[in-house]
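Asks: just coords:
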């Protein structure tokens, strides 16, 4: 008997009918002879609704203990309703919060990281033939005794962590699209489903803004050798396998696997920085102290006339205010002239393991954007990725023209069942 972990996102448990539908699917998996662990997100947009409610009570509510207590309520509702639906179909089911399921985390509220998984109670439920249902997105810190949340996409991470701890055959991530696509099918209707993708490529796509899987979950799966299967909860079609190729295995990879776009970042430019050793270190040490996650960095070459340079970097929108305040507080110590904050940028990335052995990818990317009249402001590369920053208002057009330029368009439009991608 193999063990399968199934994770259902918010669109899959959006209402009572959806919950009953996935309950039937879970029972089918159990009837096929598998042990089943299910991880659920909050229903629909409930997490956002809870955040909105908190902000009505306390504007700009800070992340902390009480906010985590509030937000974890959404997943607890989903898990209990799903357990009731499964029991109504004649199969025993037990629901568990993150702490009851053994999801131990550090003490960082709002973005806790998993430090240990001790799924004893989950294993006990499986041993008596029950379906174990776990609330995603949440954990427990032993030292403080407090409930924590894992941040956006935390239910994916919960599912992967349980799959690793229980030695599951596969971790199935159910969503409202049929798998991982060559681009977001809501923006690029001709996007094609990818049957198989390496965890390395999926990491790059997730980091570049592909929302079908979250980067922390992919990182965890890669580190622990968990195979992911991304598929639709609205049909029984095969989805996309995210695999870790064995060492020495020869895999013929496409030049470009997919294209992703991201509108969640801002750009900060530190203008007029003295072009002397140590200034970049000083700037990014100050930014790091705000816990901001830096993505792309560009420094221009100073002119011999004034000996000053400009340093630009991108970071999540939520991190920008803290970084700006910290830099402004140290303006005199650093010696820069001013700060520029741009919240209207978009990032586009092309990803493919085949880049390693094929020339001309950059030329084709830049030509496609040039012919569409789209200006590039920043460029960043890795071994299998090229990212560019452009204007936010042009990012969707950029995604479509680049997708076409690399021959990724399908003959028919992709199907999106729920409309949210989760």
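Replies: Nice, thanks for sending it over. As the structure is a prediction and not an experimental result, all values here were calculated from the model. Numbers count the residues shown, from 1 in each chain.

Asks: Tell me if residue 74 really is in a strand.
Replies: No - under DSSP: H, G, I helix; E, B strand; the rest coil, residue 74 falls outside any strand and is assigned helix.

Asks: Can you tell me, leaving aside adjacent residues, what's nearest to residue 34?
Replies: Leaving out its chain neighbours, the residue that sits closest to residue 34 by CB to CB, 6 or more residues apart in numbering is residue 4, at 4.9 Å. Quick note: C-beta positions are derived from backbone N, CA and C, even for glycine.

Asks: Just list whatever residues bridge to the one you found.
Replies: Beta-bridge pairing of residue 4, defined through DSSP bridges, involves residue 36, residue 170.

Asks: for it, what are its contacts?
Replies: Under the criterion of CB atoms under 8 Å, 6 or more residues apart in numbering, the contact list for residue 4 reads 29, 34-37, 168-172.

Asks: rerun at 7 Å
Replies: 29, 34, 36, 168-170, 172 (CB atoms under 7 Å, 6 or more residues apart in numbering).

Asks: out of these, who's nearest residue 129?
Replies: Distance to residue 129 across the contacts of residue 4 (CB to CB) is lowest for residue 36, with 10.4 Å.

Asks: For the closest one, list the residues it contacts.
Replies: The contact partners of residue 36, taken as CB under 7 Å, 6+ apart, are 4, 6, 26, 29-30, 131.

Asks: any idea of the pLDDT on it?
Replies: Residue 36 is assigned 98 on the pLDDT scale.

Asks: Where does residue 133 fall, secondary structure wise?
Replies: Under the assignment given by DSSP states H and E, the secondary-structure element containing residue 133 is strand 131-135.

Asks: Just the helices from this structure, written as ranges.
Replies: Using DSSP state H, the helices of the chain run over residues 16-31, 46-57, 65-88, 120-127, 154-165, 199-207, 215-224, 279-288, 320-329, 331-334, 361-371, 395-405.

Asks: List the buried residues in the first one.
Replies: Within helix 16-31, the residues scored as buried using 16 or more other CB atoms under 10 Å are 18-20, 22-23, 25-27, 29-30.

Asks: I'd like to know how far residue 294 sits from residue 181.
Replies: Separation of residue 294 from residue 181 (CB to CB, to the nearest Å): 28 Å.

Asks: Could you check which of these two is surrounded by more residues?
Replies: Neighbours of residue 294 and residue 181, each counted by other CB atoms under 10 Å, are more numerous for residue 181; the result is 29 against 15.

Asks: which ones are touching the more buried one?
Replies: 191-194, 414.

Asks: Residue 104 now?
Replies: Residues near residue 104 by CB under 7 Å, 6+ apart: 115-118, 139-140, 142.

Asks: cool, and residue 264?
Replies: For residue 264, the contact set (CB under 7 Å, 6+ apart) comprises 316-317.

Asks: That one and residue 345, how far apart?
Replies: Following CB to CB, the distance that separates residue 264 from residue 345 is 10 Å.

Asks: tally of neighbours for the nearest residue to residue 414 once chain neighbours are set aside?
Replies: Take residue 414 and drop its neighbours on the chain: the residue closest to it by CB to CB, 6+ apart is residue 185, 3.5 Å away. For residue 185, the count of nearby residues is 21 (other CB under 10 Å).

Asks: likewise residue 300?
Replies: Neighbouring residues of residue 300 were enumerated by other CB under 10 Å; the total is 13.

Asks: likewise residue 375?
Replies: Counted with other CB under 10 Å, the burial measure for residue 375 works out to 11 neighbours.

Asks: give the contact list for residue 157.
Replies: Residues counted as contacts of residue 157 (CB under 7 Å, 6+ apart) are 114, 150, 214, 216-217, 220.
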